[in-house]
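Undergrad: Sequence first, predicted coordinates after that:
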Amino acid sequence: MRLQLPNPGLEDRILSHEELDKLETEEAGSGDRPKWDNKTQYMLTCVGFCVGLGNVWRFPYLCQSHGGGAFMIPFLILLVLEGVPLLHLEFAIGQRLRKGSLGVWSTIHPYLAGVGIASMFVSLMISLYYNTIMAWVMWYLFNSFQETLPWSQCPLNYNLTGLVSECEQSSPVDYFWYRETLNSTPDIGENGGLQWWMVLCLVSAWAVLYICIIRGIETTGKAVYVTSTLPYVVLSIFLIRGLTLKGSLSGVVFLFTPNLTELTNPTTWLDAGAQVFYSFSIAFGGLISFSSYNSVHNNCEQDAVIISAVNGFTSVYAATVIYTIIGFRATERFDNCLGGNILVLLNTFDLPEGNVTESNYDQVLQSLNGTHPEVIQGLNLKTCDLNTFLSEGVEGTGLAFIVFTEAITKMPASPVWSVLFFIMLFCLGLSSMFGNIEGVLVPLQDLGVFPKSWPKESTTGITCVLCCIVGLIFVQGSGNYWLSLFDSYGGSIPLLIIAFCEMVGVVYLYGIDRFNDDIEFMIGHKPNLFWQITWRFVSPAIMLVIFVFYFITKVTETLLYKTWNPESENFPTLEEKEYPTWIFVIIFILAGIPGLSVPLTAIYKCLRNRCCKKDNEFKQDDLNTIAKQVHLTDEATKNKPDIPETADGR
Amino acid sequence: MRCLRMLVRILVLLYLAGAPALAQTLCQPNASNGYRVRISIKTALGNQAYEWNENEMFLFRATMAFAMRRYYKTETYNVDNIIVCNQTRRVSFWFVVISPENPTMLIPKADVEKAVSMSRHRINNAFLLTDRTLEFLGIYPTLAEPVNPDTPPWLIVFGVVIGAVFAGIIALLVSSLLQKRRKEKGMMEDGQDEEDRQMKGVENGINLDGIYNRGFTDDDRFTKL
């Protein structure tokens, strides 16, 4: 009745419910698998993994550019239809099969091992560049411990006659970001050499990560008490501070003013779907690992709903806070613009101070234009519009390192706010990195890359050192361009493919009936109709639609990237250049290898089965994956012929 | 005698009457040796702004005379040597400096500029204003020397953080090493327990706390079908 693809030998590969119960009671003293100290650690780790930098710097931009309050509608609808079911699926399958992502997919079907390998590659690529962003955050954090923040004023030039010209033409914050932090080259081809200060920050970022994951979830579980809760504290402090600043409410109003016509634009729905998907950190493998350390009867359904709700709430909350500060900055800019114009008028017409204020500026300008039109023309007064300043929407690193830092310099007691802001960004990113690294380490262990006898400290240490060394690409002069390349292509398409394969694999290969029974065994009741419909039809359909549109968009768009080129004509506007042709090879490696590893591994395993003895190969695989986890199987396999009778009587 | 005294008095009066007139012709807008000053009191002080009146103008002339005295290191300059004209409601005016020895001679522009630059800080403070709100059009404020600390502050913070992190890493590694040694010493006493450890397979490489209770799992061996 239900569509179920043939899957022989599944029952041999998984633990039965009785065995799980036994494991549960015996593991009390002898866990081979790490365990969470308490439920809070698990929830905080998952919340930390899901809530990341994207909630702070991608969601507010999307919200503002797709119709403000109206964006909440597609966001919430897709959260419920796409985010929650996928999350529940990953939690449930991890908890049931009690393995990391590679183990889970190999267990469901050996041909699906490619999904686990793809997850590992994606997690690896994202870990590499994500920690560079952490290094940038640390650099700004270290530089915040000064009375005058270094990005608040331009430095003097060599002979102390004036300001550095690059800084004068752009702005102190731009100069500090592009020159003093990144030392950006004008082209991705010129690598500019390693920037020693960024190398130090990168090393410190990896060192902090290492100390938090040194013993796996034993240390991570303690670190998340701080890294997952501190961002909320800081956001609240910023909210209170922001609301007392002039112009903050205009920012919030601008953010949430609904423009319902945007709902008819398909890009809005696509962006909402993509944001929900990436925000939940699905298909990285980290969530499956984390939930596999839970006890068997943990209520994963409740967890999924709670974490989704927290993630959605955090996005909206962070957007509000960010936009109070952006409203303040826009108002400040508007006031400066208007003040500049007023000063020019006062100086040209020798009017006493206070004659022209913000309220009568327009009237005075009009009357002066009537009497002295040529003079007014010659003045080149700037047009000051608050909405233009508000809609200078920026996302990503531009928001955090340029717009927000500029706003901070205008607040009293700037160093305090700067330190708080960058500590918050650091905690948000670090907690996400825990999940990313988990998605790399556990498959490496399962693949047997490291010998079993090596202690966990050394495996995590070696992984961190290697990732740090590869990450040196991103601290060159052209590092920023490499990072956006990795971000656009390494993290987008493969994840969609993996998530789609996950759903299809669980629902149609593992069997939705078996899955329902498992969930009933674990939490006590069968998943209701909502879950059935979303798992079987709605969520895979949404995944497919998003994947197709994303693929078409990425493949058809001309590959341009924005560079910081002081020699260009429109400086300080970023110059758009085309990627050189050898970049296409890199893009193919980034996006293609994880994506293609799913079918390629399946083909490889299929061929290996065909050409060698089929049955023995299968059984041997099982021995390798299960024997590591549960000692019971050692005894069980000695008496293999007896198992089928007891396993069927479930 | 009386005629001579009257003549001298008339001449003196004429001179005194004429001198300001002469001086006024020296001070003109766009004079070659004059500077325009623009003052923005309300911008600088807001609510605490004071009124610009003749007394303030007197203070300005006195401050300029002080600046000239300071620059030339003489005591010959006086308030009368600073001529002000063309005052507007904006509060902007032109001024020129005449030489104390020769009232018809103006002090060259370059010297006035140097004198103003030298005492700029004192002039600003006399009026509670800044370089931006007390403008001498044509004289650019000298940029403040940046304070360059010997070690950049960020390096100090970096050093502290990295030192703490590495100390933590070493502490954790050492503690897990000690734990391992202690376990090994404990396990050596009971050979059977060691065999047990190997059977289970050490997943994390870290030895587990507690000794495996063999009595519990042995049941399977004896009750198998």
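TA: Noted; the coordinates are in hand. Residues are numbered from 1 along each chain as shown, chains lettered A, B, ... in the order given.
Undergrad: For the helix ranked longest in chain B, name the packing helices and strands.
TA: Criterion DSSP state H: the longest helix present in chain B is helix B:153-189. Contacts defined by 3 or more C-beta pairs under 8 Å, 6 or more residues apart in numbering or on different chains; DSSP states H and E place helix B:153-189 against helix A:113-143, helix A:196-213, helix A:456-470, helix B:191-200. Quick note: C-beta positions are derived from backbone N, CA and C, even for glycine.
Undergrad: Mean neighbour count for these - can I get that in CSV?
TA: Formatted as CSV, the helices and strands packed on helix B:153-189 follow (neighbours: other C-beta atoms under 10 Å in any protein chain shown):
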stretch, mean neighbour count
helix A:113-143, 26
helix A:196-213, 22
helix A:456-470, 18
helix B:191-200, 12
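Undergrad: mind pulling up the phi and psi values for A:Q476?
TA: Here is the backbone geometry of A:Q476 (degrees, to the nearest 10): phi -80, psi -180.
Undergrad: Check B:S92 too.
TA: Torsion angles, degrees, to the nearest 10, at B:S92: phi -140, psi 150.
Undergrad: what does the stretch 201-350 of chain A put close to chain B?
TA: Residues of the stretch 201-350 of chain A found near chain B (C-beta under 8 Å from any C-beta of the partner chain) are A:201, A:203-204, A:207-208, A:210-211, A:214-216, A:219, A:343, A:346-347, A:350.
Undergrad: Name the weakest-confidence residue in the residues you listed, if you would.
TA: pLDDT across these is lowest for A:D350, at 81.
Undergrad: Give the burial count for that one, as a bare number.
TA: 14 (other C-beta atoms under 10 Å in any protein chain shown).
Undergrad: That one against B:T88, yeah?
TA: Yes - at 4.1 Å, A:D350 and B:T88 qualify as touching, with contact defined as C-beta atoms under 8 Å.
Undergrad: Which residue ranges of the chain form strands?
TA: The chain I'm using is chain A. A:560-563, A:575-578 (DSSP state E).
Undergrad: my question was about chain B
TA: Under DSSP E, chain B gives strands at B:35-39, B:82-85, B:92-97, B:134-137.
Undergrad: would you list those strands in TSV and tack on mean pLDDT and mean neighbour count?
TA: Compiled in TSV, the strands of chain B are given as follows (pLDDT from 0 to 100; neighbours: other C-beta atoms under 10 Å in any protein chain shown):
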stretch	mean pLDDT	mean neighbour count
strand B:35-39	87	19
strand B:82-85	86	20
strand B:92-97	87	22
strand B:134-137	86	18
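Undergrad: Out of these, the one nearest A:G505 is which?
TA: Distance to A:G505, taken as C-beta to C-beta, is lowest for strand B:134-137 among the strands of chain B, at 73.6 Å.
Undergrad: now check the closest one, is it near chain A?
TA: No - using C-beta under 8 Å from any C-beta, strand B:134-137 stays clear of chain A, coming no nearer than 9.2 Å.
Undergrad: In space, what's closest to A:K554 - neighbours in sequence excluded?
TA: Leaving aside its chain neighbours, A:K554 sits nearest to A:I493 (6.7 Å; criterion: C-beta to C-beta, 6 or more residues apart in numbering or on different chains).
Undergrad: how about the one you found, what does it touch?
TA: A:I493 is in contact with A:F547, A:Y550, A:F551, A:K554, A:A591, A:G595, counting by C-beta atoms under 8 Å, 6 or more residues apart in numbering or on different chains.
Undergrad: Looking at those, spot the one nearest B:F60.
TA: Closest to B:F60, out of all of the contacts of A:I493 and judged by C-beta to C-beta, is A:K554, at 67.5 Å.
Undergrad: Can you get me a residue count around A:T573?
TA: A:T573 has 12 nearby residues by other C-beta under 10 Å.
Undergrad: The one 10 residues further on now?
TA: The tally of other residues near A:I583 (other C-beta under 10 Å) stands at 18.
Undergrad: Can you list phi and psi of A:P155 for me?
TA: phi -80, psi 160.
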